[in-house]
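Asker: whatever this is, show me its structure:
(2 chains)
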Amino acid sequence: MKATLAGSAAFTLSGCGMLPRKADSNSPQQYTGAIGLADGSFAVGAIAPSGQMLWQAPVNTRCHSGCNRPGTAELLFFERRPGWAFYVLNSKTGEQRHHIEAAKGEHFVGHGVFSPDGRYLYAPVNRYEPGEGIIAVYDSHQHYRRVDTFELNGIGPHQITMHPDGQTLVVGLGGILTHPDYDRIKLNLPTMKPALVMMDRVSGDILARFRPSHHQLSTRHVDVAPNGTVYAAYQYQGPAHELPPLVARYRNGHYEEIDFGESVHRELGNYISSIIAHPENELVAIASPVGGTALVFNGRTGEVIEKSAIADCAGVAALAGGDFLVSSGRGKLVRMGKGKPGVEIASMPVQWDHHLV
Amino acid sequence: MKRLALTLFLASSLTAVPLMAADDKNASDPTAVYRTQWHKDILAGYQSLATQSQKLESQAQTYCQSPSSEELEATKRLWLDAFLAWQQVRFIDFGPVEENNRAWQFQFWPDPKNLVARKASYLLKDEAPITPEKIGESGVAVQGFPMVEYLLYDQTFRSSERALPAGRSCQLLVAVTRHIARNGETQANDWKGFQGNYLGSEQYTDTTIRAAMAGLEILEERRLATPMGLRGNGKRSVYSADAWRSGASLIAADASVHGLKNHFLPAFAKLLNDRGQTDLAKRIEQQFEEVLANFPELDRPMAPLLSDDNAFKPLQSLYIDLTQLTALVNDRAAVELGVVRGFNSSDGD
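Answerer: Below is the predicted model of the structure:
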């Protein structure tokens, strides 16, 4: 993929001159993401609230997403597909603390989450010869030694997050079989079995498994609201002229898919790259780089509240005060929220990968 | 939850085009006319692929029934004809060719781990009969043109005791060419059957344009710049090109450009002209000719051109002509039409 510059060489910040505050008070007041640089190399970059690029940590290959380590000034990022390693960085300076490689026969998939005490890392992994999805557990108190493995009895886990109960892992099981020898090929589209999986993080027991309404709705991205409502975002592997649902919600024992209406679905291109439930209100945001659309909906009613055409948008983050931040492959950061159409607040000469941490 | 396949709403999926509001003759789907032409033009390309693949299958059988050097040469010629027919339509990355990874079945590339050679070796050493089912289960590295190319051209293989026309290699040759021919026929039929959905859904206009843009970018970046040493570590190497075993990398590039010209450009130029972009349409048409004018002089193996600085120059000219074409289509025209191919949208998560 050719790297392209997004606008001018300097970083420009419109509006009040400050990036808005993050909603999540547990993580540092900065936004980090995997970035592609103009010279074709890759880094993990952090933007301060003042709008400055705080640091860029060079990485060997394109990264994808990661997680903050609770209670510490550490941040973790995974290499992207196939993901042979993860980096542990000082979140203040970007200095690399650890570079941990995947176990033999395994590769990471770009996501992971810590236990609430910041000790254990739970990382979805592809055991690629048999094509089995697992959750690999690493102990940060022992230099990230691998301490446990949970079987998912399924294929293609992708995003993982922690339920507010601190005990339950929420996993997006994408269902797509891949193998490093066949780099981008999806090997099992006719027979895939994606699901939203909930798992006990201590025992590894699977507590619930929810299947989408169509077997080709790859359930890759997930988030949980503070009230325990779980959201899943799909990527449809079927033909472009079909318009299946793309978001599902689990609450009060019910798993149901949300219908945004045909014209909105057309703008989502059958593909959601990330989903986030705002911790301060009922709003949920999703982004689609294929549709070039980001939207905010009411999680409870499913009503679309705000929608913005943002070329190549992919990452979403929650801002203090109730709004959302959307990042794009063109280096843009866009703020949007209830009653607030998307406004570009920054433009940078980097290409943001799908997720903001 | 079912959805109607027909487009009912008014807005075009091609955004940022002020002309659209004024030009609302077919308010419900103003771009159907281009897809009508694309469907027809692309069908011709798939039918050609089907026909050529059938001829290759037939010839493989003829050769294996009575091997001779003449029949081997005929097989190579028909492999090339079929392979080039695929190169012409290779840019179409949507629709029926996505079924069961059919595009990968036709051509598994890149192959950085040399899976083609490994799989060939495994199948030839194995004792089980090489049936159509076996080919079907063996994965995309076995199922297409690169495997046939390996059997016909790979130097190490050809000097081994298993080389054609040895029994087992002939079994493999016949089985793979049959698989390709089946796929060719299915693909042409499936594309015909796809017409209703393709014409009925406006987003396929963007999809088609993006497919052509991806085709040009792959040609420029991966099939030319990379082997020419213009990317990454700066080393020239024919092994990062496709079809290096047969020396057909450049003739394949020629075919891919022809393919875009034959199957994509006519409706695309019309679209640009209808949008008032007559100048740009003309420049693109001219630039296609500039690129194609580098051939047939460059219809030769790439490897010798990479190792000789003088011979490298015409290759550089081709590359420059191509970058100019890519810039016109992927940058200029894309901006005018509001079509986006991005860092995230083209390399999904």
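
Asker: what residues does the stretch 51-200 of chain A have near chain B?
Answerer: A:64, A:110, A:158, A:181-182, A:185-187, A:189-190 (C-beta under 8 Å from any C-beta of the partner chain). All C-beta atoms are positioned from the backbone trio N, CA, C, and that covers glycine.

Asker: mind putting these into CSV with neighbour count?
Answerer: Shown next, in CSV, are those (neighbours: other C-beta atoms under 10 Å in any protein chain shown):
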residue, neighbour count
A:64, 22
A:110, 27
A:158, 26
A:181, 15
A:182, 19
A:185, 17
A:186, 19
A:187, 18
A:189, 19
A:190, 9
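
Asker: which members of these occur in strands, if any?
Answerer: Taking DSSP state E, the ones among those that sit in strands are A:64, A:158.

Asker: which positions within the helix or strand harbouring residue B:310 qualify as buried?
Answerer: Here residue B:310 sits within helix B:309-326, counting by DSSP states H and E. In terms of neighbour count (16 or more other C-beta atoms under 10 Å in any protein chain shown), helix B:309-326 has its buried residues at B:312, B:315, B:317-319, B:321-323, B:325-326.

Asker: just name the closest of those to residue A:332, please.
Answerer: Closest approach to residue A:332 among those (C-beta to C-beta): residue B:326, at 23.9 Å.

Asker: wait, doesn't the closest one sit right on residue B:214?
Answerer: No: judged on C-beta atoms under 8 Å, residue B:326 makes no contact with residue B:214 at a distance of 10.8 Å.

Asker: now do the residue most central in space within chain B, the pLDDT please.
Answerer: The geometric centre of chain B, computed from its C-alpha atoms, lies nearest to residue B:90 (C-alpha atoms, centre = their mean), at 1.9 Å. As predicted, residue B:90 sits at a pLDDT of 98.

Asker: how about residue B:234?
Answerer: For residue B:234, the model assigns a pLDDT of 87.

Asker: taking the mean pLDDT, what do you get for the one helix or strand residue A:218 maps to?
Answerer: Using DSSP H and E, residue A:218 falls within strand A:217-224. The average pLDDT within strand A:217-224 is 97.

Asker: which strands and helices sit next to that strand?
Answerer: strand A:157-162, strand A:168-173, strand A:195-200, strand A:230-236, strand A:274-277 (3 or more C-beta pairs under 8 Å, 6 or more residues apart in numbering or on different chains; DSSP states H and E).

Asker: list the neighbouring strands of that strand plus their orientation.
Answerer: The pairing partners recorded for strand A:217-224 under DSSP bridges are strand A:230-236 (antiparallel).

Asker: related to what we said a few turns ago, name the element the spatially closest residue to the residue nearest to the centre of chain B that is not a sequence neighbour belongs to?
Answerer: Nearest non-adjacent residue to residue B:90, counting by C-beta to C-beta, 6 or more residues apart in numbering or on different chains: residue B:256, 6.0 Å away. Per DSSP H and E: residue B:256 is located in helix B:249-263.

Asker: and that helix with helix B:309-326, angle?
Answerer: 20 degrees (axes from the mean of the first three to the mean of the last three C-alpha atoms, to 10 degrees).

Asker: how close does the residue in the stretch 51-200 of chain B positioned nearest to chain A sit to residue A:240?
Answerer: Residue of the stretch 51-200 of chain B nearest chain A, by C-beta to the nearest C-beta: residue B:197 (4.4 Å). The spacing between residue B:197 and residue A:240, counted by C-beta to C-beta, to the nearest Å, is 9 Å.

Asker: again with residue B:214
Answerer: Going from residue B:214 to residue A:240 by C-beta to C-beta gives 15 Å.

Asker: ok, these two, which is more surrounded?
Answerer: residue A:240 (21 against 17; other C-beta atoms under 10 Å in any protein chain shown).

Asker: so what touches stretch A:139-152?
Answerer: Identification of contacts with stretch A:139-152 by C-beta atoms under 8 Å, 6 or more residues apart in numbering or on different chains yields A:69, A:88, A:98, A:100, A:103, A:114, A:118-121, A:124, A:132-138, A:171, A:173, A:197, A:199, A:204, A:206.

Asker: what subset of these is buried?
Answerer: By 16+ other C-beta under 10 Å, these give A:69, A:88, A:100, A:114, A:118, A:120-121, A:124, A:132-138, A:171, A:173, A:197, A:199, A:204, A:206 as buried.

Asker: identify those among the residues you listed that sit within strands.
Answerer: Mapping the buried ones among the contacts of stretch A:139-152 onto strands (DSSP E) picks out A:69, A:88, A:100, A:114, A:120-121, A:124, A:132-138, A:171, A:173, A:197, A:199, A:206.

Asker: so which strand or helix has the residue nearest to residue B:146 when sequence neighbours are not counted?
Answerer: Leaving aside its sequence neighbours, residue B:146 sits nearest to residue B:116 (C-beta to C-beta, 6+ apart; 4.9 Å). Assessed by DSSP H and E, residue B:116 sits inside helix B:115-125.

Asker: in terms of secondary structure, what does that helix contact?
Answerer: helix B:145-153, helix B:167-193.

Asker: now do that helix, average pLDDT.
Answerer: Mean predicted lDDT for helix B:115-125 stands at 96.

Asker: what's the most buried one of the helices and strands packed on helix B:115-125?
Answerer: A comparison of these by mean neighbour count, using mean count of other C-beta atoms under 10 Å in any protein chain shown, puts helix B:145-153 on top with a mean of 24.

Asker: what's the following helix or strand after it?
Answerer: Past helix B:145-153, the next helix or strand by DSSP H and E is helix B:155-158.

Asker: report the mean confidence score over that next one.
Answerer: For helix B:155-158, the per-residue pLDDT averages 96.

Asker: where does the prediction get shaky in chain B?
Answerer: Along chain B, segments meeting pLDDT under 70 span B:1-27, B:342-349.

Asker: centre of the chain to the helix or strand just after the helix holding residue B:256, how far?
Answerer: The first helix or strand that comes after helix B:249-263 along the chain, using DSSP H and E, is helix B:265-274. When C-alpha coordinates are averaged (C-alpha atoms, centre = their mean, to the nearest Å), helix B:265-274 and its chain have centres 21 Å apart.

Asker: buried sites along helix B:265-274?
Answerer: Quick answer for helix B:265-274 (16+ other C-beta under 10 Å): B:265-269, B:271-272, B:274.

Asker: can you check stretch A:151-164 too?
Answerer: Those would be A:152, A:154-163, for stretch A:151-164 by 16+ other C-beta under 10 Å.

Asker: pLDDT of it, averaged?
Answerer: Average pLDDT, stretch A:151-164: 96.

Asker: stretch A:257-265 too?
Answerer: 96.

Asker: before we move on, what about stretch A:182-194?
Answerer: 91.

Asker: for stretch B:130-142, measure first residue to last.
Answerer: End-to-end distance for stretch B:130-142: 12 Å, by C-alpha to C-alpha, to the nearest Å.
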